[in-house]
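[1] Could you look at this predicted model? Sequence included:
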Amino acid sequence: MVGSNPKLYGGYDDGFTGAVEMPKVAKELGALAVSRLTQEGMHPVGKVAGLYLQVTGAKSRSWILRVKVGDRRREIGLGAFPAISLADARLKAQIERDKIRTGVDPILERREAASRLKASQDLEMTFQAAAKKFMDAKSSEWKNPKHGDQWRNTLETYAYPFIGRLYVRHIGRDHVMQVLDPIWLTKNETASRLRGRVEAILNWCKVKGYRSGENPAAWRGNLENLLSKPSKVQKVRNHPALPFSEMGTFMQKLRKIDATGAQCLEFAILTCSRSGEARGARFSEIDREAKVWRIPGERMKAKKEHRVPLSEAAFALIEKMPQTKDDGLIFPSPRGKVLSDMTLLMIVRRMGAEAVPHGFRSTFRDWAGEITNYPRELAEVALAHVKGDATEAAYWRSDILEKRRRMMDEWARFIAVPMPKGTVIPLHKQA
């Protein structure tokens, strides 16, 4: 830092008092002369007192305004040369001097702005990031690891697709309704727990200072006025299903959607599988020679391996899916992970169908029982329902794969063609 000799500063004022010391005025340099300054050091350029071109290397030059603010000397950086021209540097230097005359310290002003920016950025917490911090903080209160998995799974499946990337201070009641409304009637127990979890996370965010105001996920005096009471909803059918007479029209619309989620939903319908089973299907589970899908026990509700004879339509669908590796997902998300349950549900919703993905299993069961002659037990095995009496147990032991294959082929043919209006459906069609 140069001493207090005003001659070295090219003149400066004392900022707050308005008094101006009158040193020898630095020679005013032109743009060409400035461009030729290459010797290391501080070079006054004149016209604006205290404006220097600082040379620190062959290709390193920048503008510095040396000035006294109150009882302190400041060196204020104005930018690099030649990105900042001589004329622009003089203009910027004069603006800083004008600030000083009004009692502003440009250095403190910059520091305060940087501090406010950092404080503001620290508050920009997304819901997904907040949920992770909340779970990390509260995990010691959970009874077992399964409790934590339930929190993570419900949030990842139902909340993050809608509000995961939103800043928590921006989340309002409409956003919470987008999360809950699609599953409130069909999966009310899950939806009710999810609402409580979102409410807890947003309460934590308020205490931490990431948001303010009322909690948009609160039930009393808030969502209770928009959603049906859980005690009433639980009486509603859990899995709304499409009538089998409408399946042909639905499938034609579904097959026009060029998306992995739509293809996964089609596969689930053709195989009568649960959503999670279809979404997690891997190429390594497909026996191409036998045309059988072997679902490992760990992915089944009953925790036992389930074999699905693939209809020609289901096998053809698998064959057209791109395969990158033997154990890869057949229906991966854009990021290569398992599709969310919400993906399939939203496809059904956008098609305007009053159904949920799981409901198509009920549609198949109604079809098999009302217009085919296949034994009830055979349809139950196809749905991988837990075995009951000794007769069903026999079906489980043998699987009766070929008879089931005929049933699945017939199901695939039935849903491939729209049923004309007014068609009389014969009961117990011969299998």
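    Here it is on my side, so go on. What you see is a predicted model, and the numbers here were worked out from it, not measured in a lab.
[2] per-residue confidence for the closest residue to Ile171 other than its chain neighbours?
    Excluding the flanking residues, the one nearest Ile171 by CB to CB, 6 or more residues apart in numbering is Ile163, at 5.7 Å. From N, CA and C alone the C-beta is placed, and that goes for glycine too. Ile163 is assigned a pLDDT of 95 by the prediction.
[3] Relative to Gln128, how far out is Ile163?
    Per CB to CB, to the nearest Å, Ile163 is found 8 Å from Gln128.
[4] of the two, who's got more company?
    Neighbours were counted for Ile163 and for Gln128 using other CB atoms under 10 Å; Ile163 has more, 24 against 17.
[5] need the contact list for the more buried one.
    Phe127, Ile171, His175, Val176, Gln178, Val179 (CB atoms under 8 Å, 6 or more residues apart in numbering).
[6] what number of residues lie near Glu354?
    Residues lying near Glu354 (other CB under 10 Å) number 12.
[7] actually Met321, not the one I typed
    By the criterion of other CB under 10 Å, Met321 has 17 neighbours.
[8] With the one 4 residues further on instead?
    Number of residues near Lys325 (other CB under 10 Å) recorded here: 9.
[9] May I see the buried residues of the helix of greatest length in the chain?
    Scanning the chain for the longest helix, with DSSP state H as the assignment, gives helix 188-208. If you call a residue buried by 16 or more other CB atoms under 10 Å, then helix 188-208 has these buried ones: 188, 190-192, 194-195, 197-202, 204-205.
[10] Can you tell me which of those is closest to Arg61?
    Here the nearest of these to Arg61, counting by CB to CB, is Cys205; it sits at 47.6 Å.
[11] I figured that closest one was touching Ala129, is that so?
    No: the pair Cys205 / Ala129 is not scored as a contact, 10.2 Å apart, by CB atoms under 8 Å.
[12] In which helix or strand does Ile301 reside?
    Careful, residue 301 is Lys; it's not Ile. Assigning secondary structure by DSSP states H and E places Lys301 outside every helix and strand.
[13] Flag the shaky bits of the stretch 151-300 of the chain, pLDDT-wise.
    Within the stretch 151-300 of the chain, the set of residues satisfying pLDDT under 70 comprises 234-239.
[14] picking up where we left off before, who touches the longest helix of the chain?
    Helix 188-208 is contacted from outside by 125, 127, 130-131, 133-134, 137, 150-151, 154-155, 158-159, 168-169, 171, 176, 179-180, 183-184, 211-213, 215-219, 223, 230, 233-234, 236, using CB under 8 Å, 6+ apart.
[15] Please list the members of those residues that lie in helices.
    Per DSSP H, helices hold the following members of the contacts of helix 188-208: 127, 130-131, 133-134, 137, 150-151, 154, 176, 179-180, 183-184, 230, 233.
[16] Filter those down to the buried ones and hand me the PyMOL line.
    A single PyMOL command selects the buried members of those (16+ other CB under 10 Å):
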select buried, resi 127+130+131+134+151+154+176+179+180+183+184+233
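[17] Skip the chain neighbours and tell me the closest residue to Pro44.
    Ala26 (3.7 Å).
[18] Also Pro106?
    The spatial neighbour of Pro106 that comes closest, neighbours along the chain excluded (CB to CB, 6+ apart), is Glu96 at 5.0 Å.
[19] residues contacting that neighbour?
    The contact partners of Glu96, taken as CB under 8 Å, 6+ apart, are Leu65, Val67, Ile76, Leu78, Pro106.
[20] separation between the fourth one and Thr372?
    With distances taken as CB to CB, Leu78 is found 84 Å from Thr372.
[21] cool, and the third one?
    According to CB to CB, Ile76 and Thr372 sit 86 Å apart.
[22] got it, and Leu108?
    For Leu108 relative to Thr372 (CB to CB), the value is 83 Å.
[23] who's more crowded, those two?
    Shown here are Leu108 and Thr372; by other CB under 10 Å, Thr372 has more neighbours (20 against 12).
[24] My guess is the more buried one contacts Glu410. True?
    Yes: contact criterion CB under 8 Å: Thr372 and Glu410 qualify, at 7.0 Å.
[25] pretty sure Ile76 belongs to a strand, no?
    Yes: under DSSP: H, G, I helix; E, B strand; the rest coil, Ile76 sits within a strand.
[26] what's the pLDDT at it?
    pLDDT recorded at Ile76 is 88.
[27] just the one 10 residues further on next, same as before
    What the model reports as pLDDT for Leu86 is 91.
[28] so what's it up against?
    Leu86 makes contacts with Leu29, Gly30, Ala31, Val34, Val45, as judged by CB under 8 Å, 6+ apart.
[29] ok, now with 10 Å
    By CB atoms under 10 Å, 6 or more residues apart in numbering, the residues touching Leu86 are Leu29, Gly30, Ala31, Leu32, Ala33, Val34, Ser35, Val45, Lys47, Leu51, Leu53, Trp63.
[30] which among those end up buried?
    Here, 16+ other CB under 10 Å leaves Leu29, Val34, Val45, Lys47, Leu51, Leu53, Trp63 buried among the contacts of Leu86.
[31] The spatially closest residue to the third one that is not a sequence neighbour and Val48, how far apart?
    Read it as Val45. Excluding its sequence neighbours, the residue lying closest to Val45 (CB to CB, 6+ apart) is Leu29, at 4.7 Å. With distances taken as CB to CB, Leu29 is found 12 Å from Val48.
[32] For Ser60, list each beta-bridge partner.
    For Ser60, the beta-bridge partners under DSSP bridges are Gly57.
[33] residue ranges for the strands of the stretch 301-431 of the chain, please.
    306-309 (DSSP state E, counting those that start in this stretch).
[34] I meant to write the stretch 1-150 of the chain there.
    Along the stretch 1-150 of the chain, the stretches classed as strands by DSSP E, counting those that start in this stretch are 41-44, 51-57, 60-69, 72-80.
[35] Glu402: which of the ones you listed is closest?
    Closest to Glu402 of the strands of the stretch 1-150 of the chain, according to CB to CB: strand 72-80, at 79.0 Å.
[36] just the CA coordinates of the closest one, formatted as CSV?
    Taking Å, rounded to 0.1, in the frame of the first residue of the first chain, the C-alpha atoms of strand 72-80 are listed here in CSV:
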residue,chain,number,x,y,z
ARG,A,72,-9.5,4.6,5.7
ARG,A,73,-7.7,4.2,2.4
ARG,A,74,-9.3,1.9,0.0
GLU,A,75,-8.2,0.1,-3.2
ILE,A,76,-11.3,-0.6,-5.2
GLY,A,77,-11.0,-3.0,-8.2
LEU,A,78,-12.9,-1.9,-11.3
GLY,A,79,-12.2,-4.8,-13.6
ALA,A,80,-9.6,-6.1,-16.0
